[in-house]
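In: Sequence unavailable; structure follows:
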Ligand SMILES: Cc1cc2nc3c(=O)[nH]c(=O)nc-3n(C[C@H](O)[C@H](O)[C@H](O)COP(=O)(O)OP(=O)(O)OC[C@H]3O[C@@H](n4cnc5c(N)ncnc54)[C@H](O)[C@@H]3O)c2cc1C
């Protein structure tokens, strides 16, 4: 078989690459080699028990927003719709076992902790403007911020336990690592690429948690895999590339 393009990995990236290449030139022979027996990579949607029977739950990537114009355009092309539920009470568990609830946009923290948190937000916003995301190391504070962990930075900046617990919980969930495992420079660049911390943590208009995909995010890959050029080969782990 004559192959023009071999793509490694049947996640959203690999499958989008195959889909877009085929749209540009339908004569290309394209193959996507996927190691697992399913497409989707870090998106995984499973049917789980729900109040009214079974519903699809996302266990990996799931939120999209208008700050991600490419995936929004792809969803429309694939005929996938989105929703978001924002009404109702919010629950928050920080540090200890204490669970609090609140209805506004402001977390239920003491006034001092809220001021502390706001001060950090201003500082992060200032820092973001100092970093060129195309070349973070060359930024004025590149070397200094690359040598400091996010954990040290947060502890230096915040005075109250409430604010520290809130920010640590939010960042852990967002980054999937402990704050001691990444540098301040990495975090500032990541945050900057998203247009600011608020974009990353909030679930309002134009933020990263603006919408969820009805039926689950894995459908993006499933639909792409079923679209032309329809060329995914499962259980084909690539162990060597020779050009
Ligand atoms: C828990 C979690 C929550 C997330 N939440 C969000 C969110 O809400 N919004 C958002 O935008 N993003 C979110 N993300 C990130 C998002 O899921 C990923 O950025 C995206 O799915 C990555 O797609 P990808 O195709 O680049 O990589 P992957 O999804 O990792 O796909 C790579 C594929 O390549 C295959 N592969 C790897 N090595 C080989 C090999 N040698 N041979 C053959 N195949 C190979 C893998 O099996 C996999 O299928 C989340 C991620 C996680 C884990």
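Out: Yes, it's here. Computed from a predicted model, the values in this text were never measured in an experiment.
In: distance of the closest residue to residue 99 other than its chain neighbours from the ligand?
Out: Among residues not flanking residue 99 along the chain, residue 93 sits closest, at 4.7 Å (C-beta to C-beta, 6 or more residues apart in numbering). Where you see a C-beta, it was placed from the backbone N, CA and C, and this is true even at glycine. Note on residue 93: its distance to the ligand, by C-beta to the nearest ligand atom, to the nearest Å, is 19 Å.
In: who's in contact with residue 93?
Out: Contacts for residue 93 were tallied using C-beta atoms under 8 Å, 6 or more residues apart in numbering; they are 99-100, 169.
In: phi, psi of the residue most central in space within the chain?
Out: Geometric centre of the chain, nearest residue: residue 61, 6.4 Å, by C-alpha atoms, centre = their mean. As for residue 61, its main-chain torsions (degrees, to the nearest 10) stand at phi -50, psi 140.
In: again with residue 195
Out: Torsion angles at residue 195 (phi, psi; degrees, to the nearest 10) stand at phi 90, psi 20.
In: That one: what's it in contact with?
Out: Residue 195 makes contact with residue 67, according to C-beta under 8 Å, 6+ apart.
In: Which pLDDT does the model give it?
Out: Per-residue pLDDT puts residue 195 at 86.
In: contacting residues for the closest residue to residue 100 other than its chain neighbours?
Out: The shortest distance from residue 100 to any non-neighbouring residue, by C-beta to C-beta, 6+ apart, is to residue 108 (4.3 Å). For residue 108, the contacting residues are 92, 100-102, by C-beta under 8 Å, 6+ apart.
In: residues near residue 66, how many?
Out: 11 (other C-beta atoms under 10 Å).
In: sorry, back to before: which of the contacts of residue 93 fall in strands?
Out: Judged by DSSP state E, the contacts of residue 93 include 99-100 as members of strands.
In: Any chance of a markdown table for the contacts of residue 93, columns distance to the ligand and pLDDT?
Out: Formatted as a markdown table, the contacts of residue 93 follow (distance: C-beta to the nearest ligand atom, whole Å; pLDDT from 0 to 100):
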| residue | distance to the ligand | pLDDT |
| --- | --- | --- |
| 99 | 22 | 86 |
| 100 | 24 | 84 |
| 169 | 16 | 88 |
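In: ok, now how distant is residue 233 from residue 31?
Out: Remark: distance between residue 233 and residue 31 (C-beta to C-beta, to the nearest Å) = 6 Å.
In: Same check on residue 22?
Out: 12 Å.
In: just residue 90 next, same as before
Out: Counting by C-beta to C-beta - residue 90 and residue 31 are separated by 46 Å.
In: the more surrounded of these two?
Out: residue 31 (17 against 14).
In: before we move on, back to that, now that we have the contacts of residue 108, which one has the most neighbours?
Out: Neighbour counts for the contacts of residue 108, by other C-beta under 10 Å, peak at residue 92, which reaches 16 neighbours.
In: partner residues bridging that one?
Out: residue 100 (DSSP bridges).
In: please begin residue numbering at 55 from this point
Out: I'll keep to 55 as the first residue from here, and by that count the last item is residue 146.
In: Thought residue 153 was touching it, still the case?
Out: Yes - Residue 146 lies in contact with residue 153 (C-beta atoms under 8 Å); the separation is 7.1 Å.
In: can you pull the contacts of residue 169?
Out: Contacts of residue 169 (C-beta under 8 Å, 6+ apart): none.
In: Appreciated, that's everything.
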